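Colleague: Make a model of this:
(4 chains)
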Number of protein chains: 2
Amino acid sequence: MPQTSIREVARRAGVSVGTVSNVLNRPDLVAEATRKRVRAAIEELGFVRNESARRLRQRAARTAGEFGDEPRRAFGVVIEDLTNPYATDVVRGADQALNEAGHDALWLSSDHSAARERRSLELLAEQRAAGVLIIPVGLGADDIARLRAAGLSVVLIDRDGADACSAQVDHVAGGEIAAAHLLGIGRERIAFVTGAPESQPCVERRDGAARTIVEAGFCKPVVLVMDALSPTEGQAAAQRLLAMSPPPDGVFCANDLLAIGLINELTRLGVRVPQDIAVIGYDDIELAASAAVPLTTIRQPRHEIGWEAAELALAEIREGQSHQHRQVVLTPDLVIRESA
Amino acid sequence: MPQTSIREVARRAGVSVGTVSNVLNRPDLVAEATRKRVRAAIEELGFVRNESARRLRQRAARTAGEFGDEPRRAFGVVIEDLTNPYATDVVRGADQALNEAGHDALWLSSDHSAARERRSLELLAEQRAAGVLIIPVGLGADDIARLRAAGLSVVLIDRDGADACSAQVDHVAGGEIAAAHLLGIGRERIAFVTGAPESQPCVERRDGAARTIVEAGFCKPVVLVMDALSPTEGQAAAQRLLAMSPPPDGVFCANDLLAIGLINELTRLGVRVPQDIAVIGYDDIELAASAAVPLTTIRQPRHEIGWEAAELALAEIREGQSHQHRQVVLTPDLVIRESA
DNA sequence: AGCGTAGCTTGAAACGATTCACGATCTTCG
DNA sequence: CGAAGATCGTGAATCGTTTCAAGCTACGCT
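Modeller: So this is what the prediction gives:
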């Protein structure tokens, strides 16, 4: 493993290391002929620049010289669950924004574990990534401070926090809209189905819905806490809802996966959706539109959340000292299809 | 941005830099009292070790000293589409295997673009990642050679290649199994629905199916090429299948997302599945079991593919020079539910 | 010829960590 | 008491790259 370095390239091309570096970084400073010779040497040796050394050297100078176009930087995106289409869509939005700005995005999973989350963040800090976009699971103010001390910008997705920028959706409003719609189509016995452990956004959806329902003069919705926000659990929820007497006539699910599993199972059991039970989901994932009964749901601007989060991270870097944390709050919409 | 370095920690704790480094890496060499003092200094200053410098220095020595437990290393996982549950499940398998071996996984997306794929690989090479697991889109032998020259191990997922290890599923067998099942339940006019651009695995599924059908004495299946392997396209496929005369009585979809969209739309249009048209999918994603008509499908051991790929990458590193590339081929199973 | 200029190239000094051969103390024991 | 270990700490060398002041040529101009 004779890891080729810039020095060997220089020897091969018969120039100094400084010149090779110039070919790599400011090719216009180097004469055409030399440039070609160096490029050929690089090709022949299969040289790949060692980013560790590069960054090690650069950080110092970078603060001095302010000009020139930004170098390409890497941002970490930490999500809790890779199998959740909501999360992956958010990530795609961020990915796209970062790419367009000429940067790279890497993703890490915390897998709902605070330990893994911490480990991922440490990795990013050690690698001196430019910033982190995170859907937090156990993140505390001290973790954020530590990241910032290591020079990273931090943006929270779907959570708020006083000590960092955040991009989130107004879930209370989302819950209100969902409940109002169910009430509007004449439903009176409403249930809320969610998954444990209940995340902050789910609680907000529940609270918004509950408040709307109570204010309309009905009693608080029954809450069914399933094991996860998955279609399989939605299926199980169907059984439990039907076992209630009287069963609800309207169900608000904390996400679309639950809703899809629920609807499929209800349909299979001969319950008509929405005639017998109306179901409304949350997220508007792609599958929602093509479900057995096309799903009425609360659309979250997932892509935009990711996009905004990325913009916030870039802004934090751009603004430096003068940066003030901002909380971007987006509003969800009601998408009416057939299930409610 | 007074990026704290080991030197400042040393000053603060009143020791030399060597000692701080020892506290970090071989704490047993340092006296209790000193260790505490250094740890306190690290805490107060919010010091995070600069991984760039660390690795820069380490590579040289690492080859010399063979002992000690492996340092934690980062592996890149490059996938083409983050929204595909098949890919994300594979990734989780890999993630888990790498984690258990004490390493980290980062994911990058190529988004079906060869340019982005190349860019992602370059990033990993520059960062001197330990290895790459990739579902390739436009990867060539030269790209692999270049990665290897930079010291990374390379494992292909779901594709084969002579110059790297690979973990894949026998899709020809999968196609055969699917077709044999449809024939076995008496279907004679079989259609195959796939998405463009058709990837190698999809072609193999199609070929396996076609061969089985022809050998059974029926005519080659009609092939419907949709724009993507998504539920939305599955929906569109339903319309096109029904427009055929006579319509097929059995459909083999290249993946479950297509099949789910297709079944939902058929059901909505009053076509009974499987009585009128039997539908079989491919992948066995979580949603398959809880679909409106529970999906009969070809189960790919996705998790194991990821796991095996990770093992291959680790083995390549462990074995060094003596490493021989291996092709791991797993066999898919038939999962019979209700749709066929 | 003399001089200024522009265009290329060079070489050495960083960057922040790890490593390793050596000192400096402190114990222990014949 | 003195020598031999043990136990801790030190500090310089090193990794591969970028940067920058300075050097070298060749050229144009007066």
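Colleague: pLDDT wise, what is A:Thr267 at?
Modeller: With respect to pLDDT, A:Thr267 has a value of 87.
Colleague: Next: A:Met1.
Modeller: For A:Met1, the predicted pLDDT is 49.
Colleague: Okay, now the unreliable bits of the stretch 1-150 of chain A?
Modeller: In the predicted model, the stretch 1-150 of chain A carries pLDDT under 70 at residues A:1-2, A:60-70.
Colleague: Which residue ranges of it form strands?
Modeller: Remark: strands assigned in the stretch 1-150 of chain A by DSSP state E, counting those that start in this stretch are A:74-79, A:104-109, A:131-134.
Colleague: what's in contact with the last one?
Modeller: Counting by CB atoms under 8 Å, 6 or more residues apart in numbering or on different chains, the neighbours of strand A:131-134 from elsewhere in the structure are A:75-79, A:94, A:117, A:121, A:124, A:147, A:152-157, A:306, A:309-310, A:313-314, A:316-317. Any C-beta I mention is one placed from the backbone N, CA and C, and that applies to glycine too.
Colleague: Mind doing that once more with 7 Å?
Modeller: With contacts defined as CB atoms under 7 Å, 6 or more residues apart in numbering or on different chains, strand A:131-134 is touched by A:75-78, A:94, A:121, A:124, A:147, A:152-157, A:309-310, A:313, A:316-317.
Colleague: The second one now?
Modeller: Applying CB under 7 Å, 6+ apart, the external contacts of strand A:104-109 come out as A:72, A:74-79, A:82, A:91, A:94-95, A:98, A:120, B:95, B:106-108, B:123.
Colleague: and chain A, which of its residues are near DNA strand C?
Modeller: By CB under 7 Å from any atom of the strand, the part of chain A that sits against DNA strand C consists of A:14-19, A:22, A:29-35, A:53, A:56-57, A:59-60.
Colleague: How much space separates A:Ala178 from chain B?
Modeller: The gap separating A:Ala178 from chain B is 22 Å, by CB to the nearest CB, to the nearest Å.
Colleague: burial count for A:Val20?
Modeller: 27 (other CB atoms under 10 Å in any protein chain shown).
Colleague: do the same with A:His323
Modeller: Using other CB under 10 Å, A:His323 is surrounded by 14 other residues.
Colleague: now A:Ala150
Modeller: Look at A:Ala150: counted by other CB under 10 Å, it has 22 neighbours.
Colleague: dump the residue contacts of it.
Modeller: For A:Ala150, the contacting residues are A:Ala125, A:Arg128, B:Val48, by CB under 7 Å, 6+ apart.
Colleague: For those residues, which single residue is the most surrounded?
Modeller: When neighbours are taken as other CB under 10 Å, the top entry among those is A:Ala125 (23 neighbours).
Colleague: In this structure it contacts A:Ala149, no?
Modeller: No. Counting by CB atoms under 7 Å, A:Ala125 sits too far from A:Ala149 to count as a contact (8.7 Å).
Colleague: The closest residue to A:Ala97 other than its chain neighbours sits in which helix or strand?
Modeller: Distances taken as CB to CB, 6 or more residues apart in numbering or on different chains put A:Ala310 closest to A:Ala97, at 3.6 Å, once the chain neighbours are dropped. Here A:Ala310 sits within helix A:302-319, counting by DSSP states H and E.
Colleague: so what secondary structure elements neighbour that helix?
Modeller: Other helices and strands packing on helix A:302-319, by 3 or more CB pairs under 7 Å, 6 or more residues apart in numbering or on different chains; DSSP states H and E, are helix A:85-100, strand A:131-134, strand A:153-157, strand A:165-169, strand A:327-330.
Colleague: Quick check: which of the ones you listed has the most neighbours on average?
Modeller: strand A:131-134 (a mean of 28; mean count of other CB atoms under 10 Å in any protein chain shown).
Colleague: per-residue pLDDT, the closest residue to DNA strand D within the stretch 151-300 of chain A?
Modeller: For the stretch 151-300 of chain A, the residue closest to DNA strand D is A:Gly151, as judged by CB to the nearest atom of the strand, at 16.7 Å. The score at A:Gly151 is 84. That number is its pLDDT.
Colleague: Could you check how many residues crowd around it?
Modeller: 18.
Colleague: I'd guessed it sits against A:Ala129; true?
Modeller: No. The pair A:Gly151 / A:Ala129 is not scored as a contact, 9.1 Å apart, by CB under 7 Å.
Colleague: picking that back up, comparing the strands of the stretch 1-150 of chain A, which comes out most buried?
Modeller: Among the strands of the stretch 1-150 of chain A, ranked by average contacts under mean count of other CB under 10 Å, first place goes to strand A:131-134 (a mean of 28).
Colleague: Mind exporting the C-alpha coordinates of that one to PDB?
Modeller: Provided in PDB are the C-alpha atoms of strand A:131-134 (Å, rounded to 0.1, in the frame of the first residue of the first chain):
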ATOM      1  CA  GLY A 131     -22.400  21.600   9.900                       C
ATOM      2  CA  VAL A 132     -25.100  19.200  11.100                       C
ATOM      3  CA  LEU A 133     -28.800  19.000  10.300                       C
ATOM      4  CA  ILE A 134     -30.500  16.800  12.800                       C
END
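Colleague: May I have the strands that pair with that strand, each with its orientation?
Modeller: Its sheet considered, strand A:131-134 pairs with strand A:74-79 (parallel), strand A:153-157 (parallel) by DSSP bridges.
Colleague: what's in contact with the first one?
Modeller: Read that as strand A:74-79. Against strand A:74-79 from outside (CB under 7 Å, 6+ apart): A:87, A:91, A:94, A:98, A:103-110, A:117, A:120-121, A:124, A:129-135, A:313, B:123.
Colleague: got the angle between that strand and strand A:104-109?
Modeller: Interaxial angle, strand A:74-79 versus strand A:104-109 (axes from the mean of the first three to the mean of the last three CA atoms, to 10 degrees): 30 degrees.
Colleague: Tell me how far strand A:74-79 lies from the chain's centre.
Modeller: Centroid separation between strand A:74-79 and its chain, computed with CA atoms, centre = their mean, to the nearest Å, is 9 Å.
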